[in-house]
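1. return atomic coordinates for the entry below.
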Amino acid sequence: MEKLNCKLNKSITGFEVLGLKKVESNLVKFVFCASLILGFSFVFVNQGWAQTAVNCPTTGYTTVNAYSTNYTLYDNGGPSANYANNCDGYIFIRGGGTKVISISGSYNMETCCDRVYIYEGEGLGSGTPLQTLGATANGTLSFTGTAGKSYSIRFYSDFSNRASGFAFNVTTTGTSGTLTTVPGNGTNNSVTCGTNVMLQDPQGSVNYSNSQSGYTVLNASGCSAITLTGSYWVEGSSYDMVKIYDGSGTTGTLLATYGASVNGLISYTGQGGQTLTVKFTSDGSTVNPGLYITANYSGN
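-> Reported below is the predicted structural model:
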């Protein structure tokens, strides 16, 4: 049993409960209203709603590991305040393994100019959002992704009217892979055949460092085919690179290269039994969020 605070939302008709900015149930609204008018308190059974709360930054990005934790995501105003003007921030929602990410909740925004965008990958992905919210002042979101894929929520606001923003629950089904870091500074590591992993650049969930160079070998000799799905956000113009090689190490055939553009998606499937090597390099100047790839094995 958990005692809840009840208060009027200052931007929309409704109430805030357990940090949720909008409550859809009319019955729940009635009970809350009665408690406010009559001055009594009440208890409510928490039916698994407790999740880790994360606010979208005003600018820049923050990362949540949905492959291991459920979240409630808010705009930069959090559960009780209106969002700020001039926002353009991201929440990277990391999946992995066979995890399927679901995002659901409600929003309240200025209709002319403020928006929530959902992209595949970390950042702008392909450049085209999977969903865009904000054409109506109030609405709900129900989004279910694809197994193993990661997603980004981008929140944008202009310089004028503000509102209560959004509250989205992030949950997953399926099995996670193993988080693995592509090493830097001229070193390497390897993954055992059949082990699904999530590959990140040497600095993980923050911007990578300058002068990184290392690789991870995904062993598949005599077993499965490897599928790589993910995204990169680098300097662009091929200064910082993600490269995929045939075989163990970097002396084999170069199969794919990413980094000519700043931000994009990675998608590559090897042949059955083909070992792949993923290499990450950076130069000495601009740094960005980097690399995040799900590597899944399939077949015999």
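
2. show me what contacts residue 137?
-> Shown in contact with residue 137 (Cβ atoms under 8 Å, 6 or more residues apart in numbering): 108-111, 163. Placement of C-beta: from N, CA and C, glycine included.

3. how much space between the nearest residue to residue 221 once chain neighbours are set aside and residue 202?
-> Excluding the flanking residues, the one nearest residue 221 by Cβ to Cβ, 6 or more residues apart in numbering is residue 275, at 5.5 Å. Computed with Cβ to Cβ, to the nearest Å, the distance linking residue 275 and residue 202 is 22 Å.

4. burial of residue 158, as a residue count?
-> 15 (other Cβ atoms under 10 Å).

5. can you pull up the bridge partners for the nearest residue to residue 78 once chain neighbours are set aside?
-> Once flanking residues are discounted, residue 78 sits nearest to residue 55: 5.2 Å by Cβ to Cβ, 6+ apart. Here residue 55 sits in beta bridges with residue 74, going by DSSP bridges.

6. next one: residue 292
-> Per DSSP bridges, the residues bridged to residue 292 are residue 200, residue 231.

7. same deal with residue 105?
-> Going by DSSP bridges, residue 105 is paired in beta bridges with residue 141, residue 168.

8. re the thing from before, what would the contacts of residue 137 look like in JSON lines with pLDDT, secondary structure and distance to residue 207?
-> Formatted as JSON lines, the contacts of residue 137 follow (pLDDT from 0 to 100; DSSP: H, G, I helix; E, B strand; the rest coil; distance: Cβ to Cβ, whole Å):
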{"residue": "108", "pLDDT": "97", "secondary structure": "strand", "distance to residue 207": "32"}
{"residue": "109", "pLDDT": "97", "secondary structure": "coil", "distance to residue 207": "29"}
{"residue": "110", "pLDDT": "95", "secondary structure": "coil", "distance to residue 207": "31"}
{"residue": "111", "pLDDT": "94", "secondary structure": "coil", "distance to residue 207": "34"}
{"residue": "163", "pLDDT": "96", "secondary structure": "coil", "distance to residue 207": "31"}
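
9. from those residues, which is closest to residue 131?
-> Taking Cβ to Cβ as the measure, residue 109 is the one of the contacts of residue 137 closest to residue 131, at 13.8 Å.

10. for that closest one, give me its contacts.
-> So, once contact is read as Cβ under 8 Å, 6+ apart, residue 109 ends up touching 115-116, 133-134, 137, 157, 163, 165-166.

11. still on that earlier bit, distance to residue 62 added to the contacts of residue 137, as CSV?
-> Shown next, in CSV, are those (distance: Cβ to Cβ, whole Å):
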residue, distance to residue 62
108, 22
109, 20
110, 23
111, 26
163, 21
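
12. just the closest of those residues to residue 244, please.
-> residue 109 (39.9 Å).

13. residues near the closest residue to residue 244 other than its chain neighbours, how many?
-> For residue 244, ignoring the flanking residues on the chain, the nearest one in space by Cβ to Cβ, 6+ apart is residue 256 at 4.3 Å. By the measure other Cβ under 10 Å, the count of residues near residue 256 is 14.

14. quick one: classify residue 256 as helix, strand or coil.
-> strand (DSSP: H, G, I helix; E, B strand; the rest coil).

15. need the pLDDT of it.
-> With respect to pLDDT, residue 256 scores 98.

16. how close does residue 243 get to residue 171?
-> When distance is defined by Cβ to Cβ, residue 243 is 35 Å away from residue 171.

17. meant to ask about residue 88, not that
-> On the measure of Cβ to Cβ, residue 88 and residue 171 end up 26 Å apart.

18. give me phi/psi at the closest residue to residue 281 other than its chain neighbours?
-> Of all residues not flanking residue 281 in the chain, residue 213 sits nearest, at 4.7 Å (Cβ to Cβ, 6+ apart). Residue 213 has phi and psi values of phi -160, psi 110 when expressed as degrees, to the nearest 10.
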